[in-house]
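**Student:** sequence below, structure please.
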Amino acid sequence: MFNIGMPELVVILLIALIVIGPKKLPELARSIGRAIGEFQRSFDELKDTIEKEVREEEGKEKKKEKGNS
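**Tutor:** Alright, predicted model coming up:
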């Protein structure tokens, strides 16, 4: 996705450690992890809702076609 290799990841972590500090870094990582998890759950829920609506609409169209035949 982002095409980040191990050396780039190490540099990013070192910069984060310097900027944020060793005490706040684990807390920040947990917060980011929770936010990503919540975003994924919301996205999955939206995707499921859209797929459900599409299936329902296709079912309605098939019933109409059978009624017109």
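**Student:** so where's the chain shaky on pLDDT?
**Tutor:** 1-2, 69 (pLDDT under 70).
**Student:** what's the offset of the longest helix seen in the chain from the middle of its chain?
**Tutor:** Here the longest helix in the chain is taken by residue count, with DSSP state H as the criterion, and it is helix 25-68. Relative to the centre of its chain, helix 25-68 is centred 11 Å away, using CA atoms, centre = their mean, to the nearest Å.
**Student:** what is that helix packed up against?
**Tutor:** helix 6-20 (3 or more CB pairs under 8 Å, 6 or more residues apart in numbering; DSSP states H and E). (Glycine included, C-beta is placed from N, CA and C.)
**Student:** how far out from the middle of the chain is the helix it packs on?
**Tutor:** Worked out by CA atoms, centre = their mean, helix 6-20 lies 23 Å from the chain centre.
**Student:** and that helix, which residues are buried?
**Tutor:** Judged by neighbour count (16 or more other CB atoms under 10 Å), helix 6-20 contains no buried residues.
**Student:** got the angle for that helix vs helix 25-68?
**Tutor:** Interaxial angle of helix 6-20 relative to helix 25-68 (axes from the mean of the first three to the mean of the last three CA atoms, to 10 degrees): 120 degrees.
**Student:** how about the CA coordinates for helix 6-20, as CSV?
**Tutor:** As requested, the backbone C-alpha atoms of helix 6-20 are provided in CSV (Å, rounded to 0.1, in the frame of the first residue of the first chain):
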residue,chain,number,x,y,z
MET,A,6,12.3,-1.8,7.1
PRO,A,7,14.9,0.9,6.9
GLU,A,8,12.2,3.6,6.4
LEU,A,9,10.1,2.2,9.2
VAL,A,10,13.1,2.3,11.6
VAL,A,11,13.7,6.0,10.7
ILE,A,12,10.1,6.9,11.2
LEU,A,13,10.1,5.1,14.6
LEU,A,14,13.3,6.9,15.7
ILE,A,15,11.9,10.3,14.7
ALA,A,16,8.6,9.5,16.6
LEU,A,17,10.7,8.5,19.6
ILE,A,18,12.6,11.7,19.6
VAL,A,19,9.6,14.0,18.9
ILE,A,20,7.1,12.3,21.1
